[in-house]
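Asks: Any chance you could fold what I've pasted below:
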Amino acid sequence: MLFRTPNRKNLSLASIKEQFAALPGEAGFLAVKLNAPGAVLEALHSNDAMAISALSKLYILGAVQEKEYSWKKTLTLKEGARSLPPGRTRDWPAGSPATLHTLALGMIAENDNTAADMIADMVGRSGIEDLLPRLGHASPERLAVEVARGRE
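Replies: Purely as a prediction, here's the structure:
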């Protein structure tokens, strides 16, 4: 049994912005409504260029939503398709089926790289890159430079 201070899960975006602003170093975020391009809900230093961990997973998720894939769609883990940690799907046997919903949850909640790669393979690189402007990427042309440098 684990006892700890409960976390409040219904914080306002204004409260989250205040907490981000209080962090040491550089911090920022942009909250937008995905199906309403340009509808900014809240932002902090959103125009600053910063290194962002796992940003590619958000674009993969955005592409899934934009292309309106069924969350019930089943994908299969291919032999040799396991990615580096973290993530639990890398430990599944080849041929394991998983719904898109399950993989997306793992990709976002656990930073599961194998789940992200499975979904990205389904959508296709060009399917994701073509949607970058619509998903709010301010400089999609910089992506090729960042990927070439080995950054997310």
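Asks: Now the strand or helix carrying residue 115: buried residues?
Replies: Following DSSP states H and E, one finds residue 115 within helix 113-123. Of all the residues in helix 113-123, those buried under the rule 16 or more other CB atoms under 10 Å are 113, 114, 115, 116, 117, 118, 119, 120, 122, 123. Backbone N, C-alpha and C define where each C-beta goes, glycine included.
Asks: For the last one, which non-adjacent residue is closest in space?
Replies: Residue nearest to residue 123 in three dimensions, not counting chain neighbours: residue 63, with 4.9 Å by CB to CB, 6 or more residues apart in numbering.
Asks: Just list the residues touching the one you found, thanks.
Replies: Shown in contact with residue 63 (CB atoms under 8 Å, 6 or more residues apart in numbering): 123, 127, 128, 131, 135.
Asks: Swap in 7 Å and give it another go.
Replies: 123, 127, 128, 131 (CB atoms under 7 Å, 6 or more residues apart in numbering).
Asks: Just put the buried residues of helix 113-123 in a markdown table and tack on pLDDT.
Replies: As requested, the buried residues of helix 113-123 are arranged in a markdown table below (pLDDT from 0 to 100):
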| residue | pLDDT |
| --- | --- |
| 113 | 91 |
| 114 | 94 |
| 115 | 95 |
| 116 | 92 |
| 117 | 92 |
| 118 | 95 |
| 119 | 95 |
| 120 | 92 |
| 122 | 95 |
| 123 | 93 |
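Asks: For residue 102, state which of those residues is nearest.
Replies: Distance to residue 102 across these (CB to CB) is lowest for residue 115, with 8.0 Å.
Asks: what's the most distant pair in the contacts of residue 63?
Replies: Every pair of the contacts of residue 63 checked by CB to CB; the farthest is 123 and 131, at 8.9 Å.
Asks: And the contacts of stretch 85-96?
Replies: 76-79, 82-83, 98, 106, 110-115.
Asks: Report the buried members of these.
Replies: By 16+ other CB under 10 Å, the contacts of stretch 85-96 give 77, 82, 98, 106, 112, 113, 114, 115 as buried.
Asks: before we move on, the earlier item: out of the buried residues of helix 113-123, which is nearest to residue 21?
Replies: residue 116 (29.4 Å).
Asks: How about the contacts made by that closest one?
Replies: Contacts of residue 116 (CB under 7 Å, 6+ apart): 57, 60, 107.
Asks: secondary structure element for the residue nearest to residue 123?
Replies: Assigned by DSSP H and E, residue 63 falls in helix 55-66.
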